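In: please work out how this folds:
(chains A, B and C)
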Amino acid sequence: MNKPRLLAAFILILIASIMAQLVYLKLKASAQEETQPAKEAAVRLTGLPDLALSTEARFVRHRSLADISTILSEGGSLPEYFPSAHLYAVSPQAHASGVIRHEP
Amino acid sequence: MNPKLLTFALEAIGRRGGKNAAVGIIFALLVALLASVLLTSRSLQSEVEKTLSALPDITVQKLQGGRQGLIESDRVYAIETIPGVTWARERVWGYYYFQNAGVNFTLVGLDFFLPAYEESLNAAIRNFDIATWMDRDFMIVGEGVERTLHANYYKEYFNFILPDGAMKKVELAGTFAAGTALQSSDTILLPVTLARTLLNAPEGLATDITVAVANPEEVAMVATKISRLYPDTRVITKTDLAGSYQNLFDYKGGLFLSLFITALASFFILLLDKSGMGLAERREIGILRALGWRMEEVIRLKLLESGIVAFTAYLLGIFIALGYVFMLQAPGIVALFEGYSVLKPAFELPVVIDLSLLGLIFLATVPLYMAAVIFPAWRAATIDADEVMR
Amino acid sequence: MIRLTNVSKIYPLSGADSVTALENVSLSIREGELVVLKGISGSGKSTLLALIAAMTKPTSGDVVVAGRSVAKLPDRFASDFRRNTIGMIFQKFNLLGDLSAIDNVTLPLIPTHESASDIKERAYRILKSLGVKKRLGSLAKHLSGGEQQRVAIARALVGDPAIILADEPTASLDRKLTLDFVEMLKTMKQSGKTIVIATHDPLFFDLGIVDRVIEIDGGRLA
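Out: Got it, this is the predicted structure:
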């Protein structure tokens, strides 16, 4: 069979699959949208930021409320120790400088 | 576009089908890897952003010797007098380490009877009726906490260990709705007085103070006023919180990116060096040149060839990534974000398909691939056409 | 039709070394002439053909073909010139083995604006006139030596060039196929094409249709 036609067919099938995938994901996204009020309510109750993804240490749980001293209390080298730290950074206001601090 | 050239390019891809398939699959997997990580982090970031509006505008922490300490509750009244402040509330929260499971819980004290919370309680909590729990020690737990307690044979209550070593029995009154796992998995909501006992926060002191400001434009001004009023405090605004998620890929996130770039670079070096331009392919270019093909025509042919392969591989990579992240829930990549967490939330990644992100991935990979093919082709085409006669 | 004036070609090697392929060659070929370039391998025959076909540029001197000085043509004009004026038959045919016979013939015309069916039709007609009627769709690498030769000739003729250049066209052919080639040469000459053949096959030196034999030795005309 001729290869160019095979390749063209493959590309068309691929595009069609991606379309189907996008439609499916769109439906899934709107289904997920229904949990949005509950999520907001949960955050309103605690008033705490950050996702419950990394719970291995106190400074990574609510890291946007942590400061650099909290981190250092775990040991000076620990921030690099957790694999999650490599993808999910400590918040900028944890560091000593930056516009986001309102300190004397 | 010359249809004959397009047909010829398609045929040329077919003629070197094995090589093109192998290179295309490796390239697709690289695209899939990059896209998976970016889509996962984008999805998690969106989860934070979506609930940002529910957060207090300002959080005030007190620093003692450079570390966070308990803040005086009566500062609330002074803060409330600042113009623009709607309300200020003291908050008692902290962490509780459950040794049997090796898990940190987040304990949050809540004034359950404050009317402002009624709507939120109804929306976020399942099977909970405040009326039946008056004057009792109760708690509302997140999905992960419930799971951990069940695994440790606590079905209806939990024995907390107080700071003085004594036990405190607290009944399980309700659970957070399942869809909120990412926000509440490790959270325990308690009445404020009970939270004070468990966290050893005496009356008159609080963990921090949250502030609501009516006009978003005034938040920064109010924050400055608070830090002038109390020089020993650290004031965090909602903008700061939002900002802390923008730098998902900062110097540490760059580690992944640099590893990835290394992988990508070695792939392209391999492409340039070995399989990119075989002897047969160079001979083919020489023959075309000798038969009267212009240099630009040869380049256009190679652009088409490499463009078709790269675009197909890109589509395949995106297809794999979308399926892997949003259908299979990105096993492995989510683990990277979870790190060493013992208590992993049971959640579904929110579907966020950011077209500009997909465009970025396209620009970061496809032109590189094409350049890696075009460059040797261009070099082969510039040598004199009489090469093929020797 | 073809005029070379004091042409030299020096190929640089690594370092300061170089090889002189042609030295101060002047010659002139008229339209419709069939000329044989005689010489051992390495004497400069192929280089001479490459210069006429604008595949390479002379180190010094001038090459004028069909009224144009091809020595100074920029690439895109040189390419167009090759496609429109020159038909080239290579020593080892230089077919693309993974392409079918007919696709090899249409190869020079793919970037042009003629429609795919037109050039297929033309290639088919030429192959048929050369006696190739079957196996047009077989891959070139599966064809016999004689069939490959005819496909190579058809490819040289498909653009209807005024000049045919052949580099050792019979080197890999047996006696019978060589004689076939001579027959085809006759037809080409009758249609008024200017033909230059570089060869060391003695058969061509005293052939009736050959107008002139030019001998090259060590890069000079003998």
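In: and B:Y324, how close does it get to A:L53?
Out: 18 Å (CB to CB, to the nearest Å). Every C-beta, even on glycine, is put in place using the N, C-alpha and C of the backbone.
In: now do the SS call for C:S172.
Out: Three-state call for C:S172 (DSSP: H, G, I helix; E, B strand; the rest coil): coil.
In: neighbours of it, just the number please.
Out: For C:S172, the number of neighbouring residues by other CB atoms under 10 Å in any protein chain shown comes to 13.
In: just the closest residue of chain C to chain B, please.
Out: Chain B sits closest to C:R83 of chain C, with a gap of 2.8 Å, by CB to the nearest CB.
In: about what we covered before: ok, B:Y324 and A:L53, which is more surrounded?
Out: Set side by side, B:Y324 and A:L53 show more neighbours around A:L53, with 24 against 20, by other CB under 10 Å.
In: tell me where the model's unsure across the chain.
Out: Picked chain A for this. For chain A, the stretches flagged by pLDDT under 70 are A:1, A:67-104.
In: chain B was what I was after
Out: Ranges of chain B meeting pLDDT under 70: B:244-256, B:272-277, B:339, B:389-390.
In: would you map the strands across it?
Out: Using DSSP state E, the strands of chain B run over B:58-64, B:67-69, B:71-72, B:85-91, B:93-98, B:103-110, B:125-126, B:138-141, B:157-161, B:167-176, B:187-191, B:205-206, B:208-213, B:233-237.
In: C:S115: which of the ones you listed is closest?
Out: C:S115 sits nearest to strand B:233-237 of all the strands of chain B, at 67.9 Å, using CB to CB.
In: for chain C, give me its nearest residue in chain B.
Out: Among all residues of chain B, B:G292 sits closest to chain C, at 2.8 Å; criterion: CB to the nearest CB.
In: need the contact list for that residue.
Out: C:S79, C:D80, C:F81, C:R82, C:R83, C:N84, C:I86, C:P108, C:G159 (CB atoms under 8 Å, 6 or more residues apart in numbering or on different chains).
In: likewise B:S36?
Out: Per CB under 8 Å, 6+ apart, neighbours of B:S36: B:I320, B:A321, B:Y324, B:V325, B:A330, B:I333.
In: for the third one, what are its contacts?
Out: Looking back up the chat, that one is B:Y324. B:Y324 neighbours (CB under 8 Å, 6+ apart): B:A32, B:S36, B:A330.
In: before we move on, what about the fourth one?
Out: Under the criterion of CB under 8 Å, 6+ apart, the neighbours of B:V325 are B:A35, B:S36, B:L39, B:T40, B:S43, B:I333, B:L349.
In: the longest helix seen in chain A near chain B anywhere?
Out: In chain A, assigned by DSSP state H, the helix with the most residues is helix A:3-33. Yes: applying CB under 8 Å from any CB of the partner chain, one finds helix A:3-33 touching chain B at A:3-4, A:6-8, A:10-11, A:14-15, A:17-18, A:21-22, A:25-26, A:28-29, A:32.
In: any idea how many residues pack against B:A265?
Out: For B:A265, using other CB under 10 Å, the count is 11.
In: now do it against B:L368, distance only.
Out: Distance from B:A265 to B:L368, by CB to CB: 9 Å.
In: hmm, back to that, so which of the strands of chain B is nearest chain A?
Out: strand B:233-237 (3.9 Å).
In: which helix of chain C spans the most residues?
Out: Longest helix in chain C, counting residues (DSSP H): helix C:175-190.
In: tell me the contacts of the residue lying closest to A:K3 once chain neighbours are set aside?
Out: With sequence-adjacent residues excluded and distances taken as CB to CB, 6 or more residues apart in numbering or on different chains, A:K3 is closest to B:G14, at 2.7 Å. Neighbouring residues of B:G14 by CB under 8 Å, 6+ apart: A:N2, A:K3, A:P4, A:L6, A:L7.
In: check B:I130 too.
Out: Counting by CB under 8 Å, 6+ apart, B:I130 has contacts B:F112, B:F113, B:L121.
In: any chance of the residues you listed in CSV with distance to C:N24 and neighbour count as columns?
Out: Formatted as CSV, those follow (distance: CB to CB, whole Å; neighbours: other CB atoms under 10 Å in any protein chain shown):
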residue, distance to C:N24, neighbour count
B:F112, 107, 20
B:F113, 110, 10
B:L121, 102, 20
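In: so which of those residues reach chain A?
Out: Answer for those near chain A (CB under 8 Å from any CB): B:L121.
In: just put the contacts of B:I130 in a markdown table and tack on distance to B:N215.
Out: A markdown table is the format used below for those (distance: CB to CB, whole Å):
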| residue | distance to B:N215 |
| --- | --- |
| B:F112 | 30 |
| B:F113 | 29 |
| B:L121 | 28 |
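In: and the helices in chain C?
Out: C:45-52, C:75-85, C:101-106, C:116-129, C:145-157, C:175-190.
In: typo on my end, it should be the stretch 201-350 of chain B
Out: Applying DSSP state H, counting those that start in this stretch to the stretch 201-350 of chain B gives helices spanning B:219-229, B:238-246, B:253-270, B:279-290, B:295-322, B:333-338.
In: list the contacts of stretch A:28-42.
Out: Residues from elsewhere that reach stretch A:28-42, judged by CB under 8 Å, 6+ apart: B:47, B:50-51, B:53-54, B:119-124, B:176-177, B:179-180, B:182-184, B:187, B:326, B:348, B:350-353.
In: and those residues, which are buried?
Out: Neighbour counting by 16 or more other CB atoms under 10 Å in any protein chain shown classes B:47, B:50-51, B:54, B:120-121, B:123-124, B:176-177, B:179-180, B:182-184, B:187, B:326, B:348, B:350-353 among the contacts of stretch A:28-42 as buried.
In: right, I'll call it a day here.
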